Structure formats: C-alpha cells, structure tokens
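1. I would like to see how this sequence folds:
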Amino acid sequence: MEHKITVVGIGPGSPDYLLPVAARAINAARIIVGSKRAITAFAPAAAETYIIDRDIKGVLAYIRAQLSINDVAVMVSGDPGFYSLLSALRQEFGAERLRVIPGISSVQLAFARIAELWQGAELISMHGRTVADETLRYLPGKKLGILTDPQHNPSHIAQVLIAFGWPPATQVWLCANLSYENEQIFAASIAEAVNTPGFDHSVMVVTA
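-> This next block holds a predicted model:
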C-alpha cells in the first residue's frame, strides 16, 4: 500500500478554530510535521514529530523517508491552499499522494472580524515575498487582504500604496494575533497607518 501525506490546515492558531476533521487527522497520526508552535499546541504526545524550519529540502527528505513505512500528517497554519507548504509537497510528491484538509485562514478571519466580504479581494502575501506593482496599484472599488512581515510591515505597505495612487484617507484595518486572547484590530486611514508601529506579523485589509 502506498503511504500518503495528509496536509492539515490548523487555522489561525487558537484550538477554537481547528476544524473537527483536522483534529481527528492530527490525533490519529503517528508521524507529524509542523512548526514548533503547531506541534506544541496540537500534536499528541505519542506521535513522532519533526519541526519545519528554513531547510525545506530537509523537511521534504524527512517526509520521503517516512513515507516508505508510514503515512505522514503535515500541519500548516491557516488554510493549505493559501501560501503554505502545500505547493512544495505537490511539486515533490504529486497531488495523488496528498489528502488536504482545509482550515480557516487568518485573512478569512480578518475579513470576518470587520464584517467585510472577501469575495473579489486581491489576497496577497508579502511575508518574505514581493508582489507585482500592478497588484498594489489603486483602482476604485479595489480591496486588498495582505499578509505582512517585519520588512513589509503595514507602515511600509501604506507608503507603497500611497505611491501607487491610493487616497491617503482610504480605510485600512490592521489585524494581529487573530483568534488569540491578545488579538488586536486597529482601524485607520492609510495615512495614519504610515505612522503606526508594530503589527509586523499581521493581516492588513484595505478597502477602496
């Protein structure tokens, strides 16, 4: 029998947002791969675990070695279909060896928190990535959901958006620690966001 990989979306972080089907898959797994935070929060004590780090080739090599004798569960934050390890797993092992369990993404939760529709929004990750200028350029009615990082933080992104024609009064929301007790949601204009510190690891929602 060919062993398979179950890619489990664990949601934004709080166990309250972990789907029951995802919890069952994690609890049934003998081999679990995930971030240190995810393993601490969700992996059962009896499972063998492997922490995902910057050495993605090493992670893939570990999974391949385990697949000769075991199924493997890979936990990814948010939803597997949105900027996760799923892309590398598909390329390395092929879709036919994958079972994917969706999760609630932090972007999805950010839009829910502000009661805003995310259909039609441009969903972008600037977490360790750059994006095409055209993606950020202003258009009337345009809506953005952006994953940020310390380099591409909301202050930096706000400056870029103003340079690309967004009116300084445009409404933005900065959403950090979503689903946790220390969750923060800050509403501001783009001009105000330029001078807002923090929110390095957050979701930035922009509505024209």
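2. tally of neighbours for the residue lying closest to residue 176 once chain neighbours are set aside?
-> Leaving aside its sequence neighbours, residue 176 sits nearest to residue 202 (CB to CB, 6 or more residues apart in numbering; 4.1 Å). The way it works is simple: take the backbone N, C-alpha and C, and place the C-beta from them, glycine included. If you count neighbours by other CB atoms under 10 Å, residue 202 ends up with 25.
3. measure residue 202 to residue 73 for me?
-> Relative to residue 73, residue 202 is positioned 28 Å away (CB to CB, to the nearest Å).
4. what does stretch 53-70 contact?
-> 3-5, 30-31, 33, 50, 52, 72, 74, 85, 88-89, 92-93, 97 (CB atoms under 8 Å, 6 or more residues apart in numbering).
5. who touches the residue nearest to residue 176 in this structure?
-> Residue 202 touches 147-148, 154, 174-176, counting by CB under 8 Å, 6+ apart.
6. quick one: the helices in this protein?
-> Using DSSP state H, the helices found in the chain span residues 20-28, 36-42, 56-67, 86-93, 106-113, 133-136, 154-163, 190-194.
7. Could you look over these and pick the most buried one?
-> Highest mean neighbour count of these: helix 106-113, a mean of 21 (counted as mean count of other CB atoms under 10 Å).
8. counting contacts, what elements does that one pack onto?
-> strand 143-147, strand 171-176, strand 202-207 (3 or more CB pairs under 8 Å, 6 or more residues apart in numbering; DSSP states H and E).
9. Contact partners for residue 150?
-> Contacts of residue 150 by CB under 8 Å, 6+ apart are 200-201.
10. pLDDT weak spots in the protein?
-> Residues of the chain meeting the criterion pLDDT under 70: none.
11. what domains does the record give for it?
-> If you go by automatic domain parsing, the domain ranges for the chain are 5-101, 106-207.
12. What's the end-to-end length of the shortest one?
-> Criterion CA to CA, to the nearest Å; first-to-last residue distance in domain 5-101 is 11 Å.
13. Numbering from 811 from now on, please.
-> Will do, 811 is the new start, and the previous item becomes domain 815-911.
14. next one: that domain to chain centre, how far?
-> Centre-to-centre, domain 815-911 and its host chain are 14 Å apart (CA atoms, centre = their mean, to the nearest Å).
15. cool, and the longest one?
-> Relative to the chain's own centre, domain 916-1017 is displaced by 14 Å; criterion: CA atoms, centre = their mean.
16. hang on, isn't residue 914 packed against residue 823?
-> No: between residue 914 and residue 823 there is no contact under CB atoms under 8 Å: 10.0 Å.
17. Separate out the buried members of the contacts of stretch 863-880.
-> 814-815, 841, 843, 860, 862, 882, 884, 895, 899, 902-903 (16 or more other CB atoms under 10 Å).
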